[in-house]
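# give me the fold of what follows.
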Amino acid sequence: MSIDPKHRMPKFDDTFIEQFHELLAWRRDVRHFKTTPVDRQILEQICKFADMAPSVGNSQPWRFVQVSDAQKRVQIQQSFLKSNEQALQGYEGEQAALYAKLKLSGLKEAPEHFAVFCDEACSQGAGLGRQTMPETLAYSCVMAIYNFWLAARAFEIGVGWVSILDPVEVQEALQVPDSWKLVAYLCVGKDARPHDTPELERVGWQARTEAQKRFLLD
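Numbers count the residues shown, from 1 in each chain. Reported below is the predicted structural model:
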């Protein structure tokens, strides 16, 4: 049986593999942004790549909400400041001092904001694959987020994931359906300080450990 050329698996050469490795290395969690708006067509292309992510039962439960309203952004920033202060109380001594110096969001500078929700009431896919592990819906959203992140970097756009937020406050600020649960809040824009090493590693918060500790291969 012949295979239609358009369905034939492409071959990825060594050059592509090396470039893919570089893309992964340069993805990074960005906190320092230029305020220049991101071109609308580029944003749309990045979103198309994000939407190509795999999902449990082909449910596609991700809901990307662009946040442009100034007042809503202020509410998000206030939630971050409150949550960040609470988080600081969980550290002591030198670690607390270092935490206080960390730049943990680019909410003020980033020209684009996206809140990513998981629609837990999603009927698409008819529940396939999530009867015993319903959390796979949220995992599917993370796959879409990572697609978004890599695609953005390919267009020389940085992304920062802000997790120091109260999810309920974000839901209320953006007035989304109750079944939509926050997975990520993304700051998006041109990277003001591009670097291929994670910032938390550069400032001494946490270095990467040996891969053998995470991959238990036979």
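# hey, where'd the helices end up in the chain?
Listed in chain order, the helices of the chain (DSSP state H) span 14-26, 40-50, 70-88, 93-101, 136-154, 167-174, 199-202.
# pLDDT below threshold where in this structure?
Along the chain, segments meeting pLDDT under 70 span 1-5.
# any idea which of the helices of the chain is most buried?
helix 136-154 (a mean of 21; mean count of other CB atoms under 10 Å). No exception for glycine: its C-beta is placed from N, CA and C like everyone else's.
# if you count contacts, what does it end up packed against?
Counting contacts by 3 or more CB pairs under 8 Å, 6 or more residues apart in numbering; DSSP states H and E, helix 136-154 packs against helix 14-26, helix 40-50, strand 62-66, strand 112-119, strand 158-162, strand 180-189.
# and the closest residue in space to residue 112 that isn't next to it in sequence, how many neighbours?
Nearest residue to residue 112 in three dimensions, chain neighbours excluded: residue 188, at 3.9 Å (CB to CB, 6 or more residues apart in numbering). Counted with other CB atoms under 10 Å, residues neighbouring residue 188 total 23.
# isn't residue 188 right up against residue 158?
Yes: contact criterion CB atoms under 8 Å: residue 188 and residue 158 qualify, at 7.3 Å.
# which residues are in contact with each of those two?
Taking CB atoms under 8 Å, 6 or more residues apart in numbering as the contact rule, residue 188 and residue 158 both touch residue 152.
# could you list everything the closest residue to residue 186 other than its chain neighbours pairs with in the sheet?
Excluding the flanking residues, the one nearest residue 186 by CB to CB, 6+ apart is residue 114, at 4.4 Å. For residue 114, the beta-bridge partners are residue 66, residue 186 (DSSP bridges).
# so how far is residue 105 from residue 62?
The spacing between residue 62 and residue 105, counted by CB to CB, to the nearest Å, is 21 Å.
# between these two, who's got more neighbours?
For residue 62 versus residue 105, neighbours defined as other CB under 10 Å are more numerous around residue 62 (26 against 22).
# ok, that one to residue 82 distance?
With the distance defined as CB to CB, residue 62 ends up 27 Å from residue 82.
# do the same with residue 197
30 Å.
# number of residues surrounding the closest residue in space to residue 201 that isn't next to it in sequence?
Among residues not flanking residue 201 along the chain, residue 207 sits closest, at 5.4 Å (CB to CB, 6+ apart). When neighbours are counted by other CB under 10 Å, residue 207 registers 10.
# I figured residue 207 hits residue 198, correct?
No: using CB under 8 Å, residue 207 makes no contact with residue 198, being 9.0 Å away.
# right, and residue 91 touches residue 99 too?
Yes: the pair residue 91 and residue 99 passes the contact test of CB under 8 Å, sitting 5.0 Å apart.
# so who does residue 105 touch?
Contacts of residue 105 by CB under 8 Å, 6+ apart are 31, 80, 84, 160, 162, 164, 187.
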